[in-house]
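Student: what would the 3D arrangement of this be:
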Amino acid sequence: MAATNNAQYTYQATRISTATKEQLLLITYDIGIKACRAAENAMTAKAPDYDTANREVIRAQEVVRELMVTLNKERGGEMADKLMQLYEYMYQLLVDANMKKEPDNLRTVRGMLEELKQTWESALLQLLQKYQEEHPEDKDLQNAMNELEGKKPEAKPAVSYVNPAPAKNAKTGSFTLAG
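Tutor: All right, here's what the predicted structure looks like:
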């Protein structure tokens, strides 16, 4: 069991240390979604576990706080302002969920995080597809695209993360993918 936990920790540490800003954003959303789900399950169990619920709500609050802190309001303009308002609302729902033991608030926040994650995934996928069209020789990118689409990689890439260059070079319209 300890070897499995150590392997999982090593995998997660490698995943995070090699991730682009965009991938880190998606990982952050995943952590928040899982924390909300775990807190909700702890609150709604036949024998509610409010200690676990509290820990998981606090974890979700930390995620939302991290999203708020890393939001680049200068570059993001009006969209960043709207996201900040949404994050503040989500944070307040989490505080209320913890104080009042409100699983509905957790479901609401989880739904918002899932929707935001899906939106960012779609935007990132579009950027990567555009970059791929312009750079068909980039096999690392092709493998990353296959992974995102749930396909088997063509061959084992030398590096298993998406090259950060596509997001830095690609135009994103009126928003930026990361701060």
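Student: by contact count, what packs against the biggest helix by length in the chain?
Tutor: Longest helix of the chain, by residue count under DSSP state H: helix 103-134. For helix 103-134, the packing partners by 3 or more CB pairs under 8 Å, 6 or more residues apart in numbering; DSSP states H and E come out as helix 21-44, helix 50-70, helix 73-100, helix 139-148, helix 165-169. All C-beta atoms are positioned from the backbone trio N, CA, C, and that covers glycine.
Student: that one versus helix 21-44: what angle between them?
Tutor: 160 degrees (axes from the mean of the first three to the mean of the last three CA atoms, to 10 degrees).
Student: got the buried residues for helix 103-134?
Tutor: Neighbour counts over helix 103-134 (16 or more other CB atoms under 10 Å) mark 103, 105-110, 112-114, 116-117, 120, 123-124, 127-128, 131 as buried.
Student: avg pLDDT for stretch 41-57?
Tutor: The average pLDDT within stretch 41-57 is 97.
Student: hang on, the earlier thing: okay, the helices and strands packed on helix 103-134 in CSV with mean neighbour count and distance to residue 10 next?
Tutor: Formatted as CSV, the helices and strands packed on helix 103-134 follow (neighbours: other CB atoms under 10 Å; distance: least, CB to CB, whole Å):
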stretch, mean neighbour count, distance to residue 10
helix 21-44, 20, 16
helix 50-70, 18, 21
helix 73-100, 15, 30
helix 139-148, 17, 19
helix 165-169, 16, 26
